[in-house]
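J.: One predicted model, sequence on top.
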Amino acid sequence: MAEIRHSVCALDCPDACGLVLKIEDGRATRIQGTPGHPVTQGFLCGKVARYLEREYSPNRLTTPLRRVGAKGEGRFEPITWDEALSVITERFQAIIADHGAEAILPYSYGGSMGLLQANGMDRRFFHRLGASRLDRTICASAGTAGLMATQGIRYGIDPEAFVHSKLIIAWGANVLTTNVHLWPFIVEARRRGAKFIVIDPVRTKTASLADQHIRINPGSDLALALGLMHLLFANNQADEEYLKAHASGWTDLRETAQAYTPEKVSAWTGIPAADIIELAREYGETKPAVIRLNYGVQRSERGGAAVRAVAMLPVITGAWRHVGGGLQLSTSQAFHFNRTALEMPELQPHPTRLVNMSELGSALTKLNDPPVKALFVYCSNPAAVVPDQRAVLAGLSREDLFTVVVEQFQTDTADYADLVLPTTTFLEHTDIYGAYGHHYVQLARPALPPPGQARSNVEIFRELALRLGFDEPAFTESEDDMIRGILSSGHKHLDGITLERLDIERSVRLNLGEGLFRPFADGGFGHADGKADLRPLDLDYVPPIESRHGDFALRQSFPLELISPKNHDSMNSTFGNRLDVDRQTAILHISTADAGPRGIASGDSVRVFNGRASVVLAAEVDGVVGPGTVSSPSLRWPKKQPGGLNINALVSERLTDIGGGATFYSCLVQIEKCGD
């Protein structure tokens, strides 16, 4: 008889879906979304609907491996866990003796959104070790900084509230690809008469189904936001009652916005002035109106300021007053988990240096005092995802760099490892989850046994701590003890949410009051004065250096702006082993205006290049992008790409204006037909 087991999707997605697995003869034969879950609603995205292919792949790593070839060749021999952990312990001890513990650098990000596997025993271990700390900036740090600067806290409206909206603006948000469980709420809102507008440089799947697609030049979002402010204030569509009660600095902002006329903004954004005027009119008049802002907006040099400015718009119009009005970028801070109890920074023997993960290439090739002598990678594939890929690969190739990679598959980074340790998938271990797209705490217990000798991250770091003689109670805590600590913040949002309750209910809504969550309906922003901060500090728009309005010399040599939005059927590099993902991420979308003069037709091999690298892709001449922009879906494994590099080799290490984030979408290139 079939058995039903439950889990939670740990992939880096706002939806954090509840999962149901059908088990027959000890093997999962079906995976689906949890019926009755208010957000998951019984269905899954195409990526996770196929997750059992990954779970049972014959290419899963099942035993520890030791390198026997040159770095990058990917040649290994199996060893025991005892051998692997002994080597790590001995090498770490030797490095600490010669260079100090800060010569050891952990490297991780969103390979799992589970708090235990990605932010728990690992943080405790590296804190106690005294290793360098990793500044985890590569995805969301600029947007986080921008949102915090305006709101003071990362709150957003409920996804369920979208059904009440009369105007929905998806700003840099390809909902169908990166947030599909919001889509049913948008569909229902439209059934009730709402208008749906997409602002995006790319005609995404979502944009193709919108009532209106406003194509914007990459990196010009700040200019558009300022232009909308100009019109809202000029047309008396600002909610001055709300502003006077719940915002500071707004009169200075009004003065700053006066310079951003529709004509001036049109020149930067590529959006006709008439469309800017109409967008401002609709946004100012329609109530409730909501903006679904996503992280692509902040992946340019002025990305932090762009998010800060967009987050000001619902304050200016008073959209937060209304059910279905406001903004959603992230809901993550509403959970108020006790992260200090989870990560235990007090275990550090002394303050340690902070290394920006977006500058890994420089860290591995230039950093001194001390140099990085050991790299411990988990929940990430930096050889594929980090900017300035050639520098990253040069660093990973160093024979004097001791590299450990914890993985499920032999990724590009694993090919450069000295040791590879097999780890569990989210279906095989205990974890607790928040979300950044809804307000439900979820618990997952192991639904399936791990293959071979795979161990969870918690187990691996617990054992390493014991081998290094760390005798603090933190390193013998069980997963359940850690979860109880996470839930112990004392914040009202977590009142009554216990491990025991989660074991029974599996998914529990935060205590956000009656009805749908309206975080700022009556003010209550996260700043000390309780007000939104609308001061126009550093808010003037300056085009990114690598943009069509940026550095003149660069534009002469490399006139096209390259962006790399998410691929519909993959998640960053997580599914890079699949053949269909290989095909989907091997293309470059080019406009007819840019392809024609270069003699490029669909199907042609084209070289995409700049002063950092070159990559060969297959041309798709279509209407996906406008003139001056090219786009390649992310993210192909470099080792599957001719030349061993993917598009991140073309991206610089230049950081965002605030937050220290990566500038993936501020990248100038030239293209040419191969063979010319």
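T.: Great, that's in hand.
J.: Can you tell me, leaving aside adjacent residues, what's nearest to residue 410?
T.: In space, and not counting its chain neighbours, residue 410 is closest to residue 74: 6.1 Å by CB to CB, 6 or more residues apart in numbering. C-beta here means a position set from N, CA and C on the backbone, and glycine is covered the same way.
J.: Spit out the contact partners of the one you found.
T.: 410, 414-415, 639 (CB atoms under 8 Å, 6 or more residues apart in numbering).
J.: Break this structure down into its structural domains.
T.: With domains defined by automatic domain parsing, the chain comprises 70-137+340-430+451-495, 142-329, 552-673.
J.: and these, which is most packed in?
T.: Each of these was scored by mean neighbour count; the highest is domain 142-329, a mean of 22, by mean count of other CB atoms under 10 Å.
J.: for the protein, which spans come out with low pLDDT?
T.: Scanning the chain with the threshold set as pLDDT under 70 gives 676.
J.: So for it, which residue is the most central one in space?
T.: Here the mean C-alpha position of the chain is nearest to the C-alpha of residue 139 (CA atoms, centre = their mean), at a distance of 4.1 Å.
J.: What are the phi and psi values at that one?
T.: phi -110, psi -60 (degrees, to the nearest 10).
J.: Residues contacting stretch 489-501, please?
T.: 334-338, 341, 441, 443, 480, 483-484, 487, 508, 510-512.
J.: Over to stretch 590-600?
T.: Contacts for stretch 590-600 (CB under 8 Å, 6+ apart): 560, 601, 606, 619-623, 625-630, 671-673, 676.
J.: that older thread, remind me which helix or strand the residue nearest to residue 410 belongs to.
T.: Under DSSP states H and E, no helix or strand contains residue 74.
J.: Look up how far residue 112 lies from it.
T.: Here the criterion is CB to CB, to the nearest Å. By it, residue 74 lies 23 Å from residue 112.
J.: The residue nearest to the centre of the chain contacts residue 295, doesn't it?
T.: Yes: using CB atoms under 8 Å, residue 139 is in contact with residue 295, at 6.4 Å.
J.: who's in contact with the residue nearest to the centre of the chain?
T.: 12, 109-110, 295, 661-662.
J.: In JSON lines, list those residues along with secondary structure and distance to residue 308.
T.: Shown next, in JSON lines, are the contacts of residue 139 (DSSP: H, G, I helix; E, B strand; the rest coil; distance: CB to CB, whole Å):
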{"residue": "12", "secondary structure": "coil", "distance to residue 308": "23"}
{"residue": "109", "secondary structure": "coil", "distance to residue 308": "23"}
{"residue": "110", "secondary structure": "coil", "distance to residue 308": "23"}
{"residue": "295", "secondary structure": "helix", "distance to residue 308": "14"}
{"residue": "661", "secondary structure": "coil", "distance to residue 308": "13"}
{"residue": "662", "secondary structure": "strand", "distance to residue 308": "18"}
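J.: and the domains of the chain as a markdown table, adding distance to residue 62?
T.: As requested, the domains of the chain are arranged in a markdown table below (distance: least, CB to CB, whole Å):
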| stretch | distance to residue 62 |
| --- | --- |
| domain 70-137+340-430+451-495 | 3 |
| domain 142-329 | 31 |
| domain 552-673 | 15 |
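J.: closest to residue 34 out of these?
T.: domain 142-329 (11.2 Å; CB to CB).
J.: Endpoints of the closest one, how far apart?
T.: 12 Å (CA to CA, to the nearest Å).
J.: do the same with stretch 426-434
T.: End-to-end distance (CA to CA), stretch 426-434: 14 Å.
J.: do the same with stretch 30-46
T.: 13 Å.
J.: cool, and stretch 197-213?
T.: Termini of stretch 197-213 sit 6 Å apart (CA to CA).
J.: Repeat that for stretch 462-471.
T.: End-to-end distance for stretch 462-471: 11 Å, by CA to CA.
J.: follow-up on the earlier one: now for the contacts of stretch 489-501, which pair is the farthest apart?
T.: Across the contacts of stretch 489-501 (CB to CB), the longest gap, 25.8 Å, separates 480 and 512.
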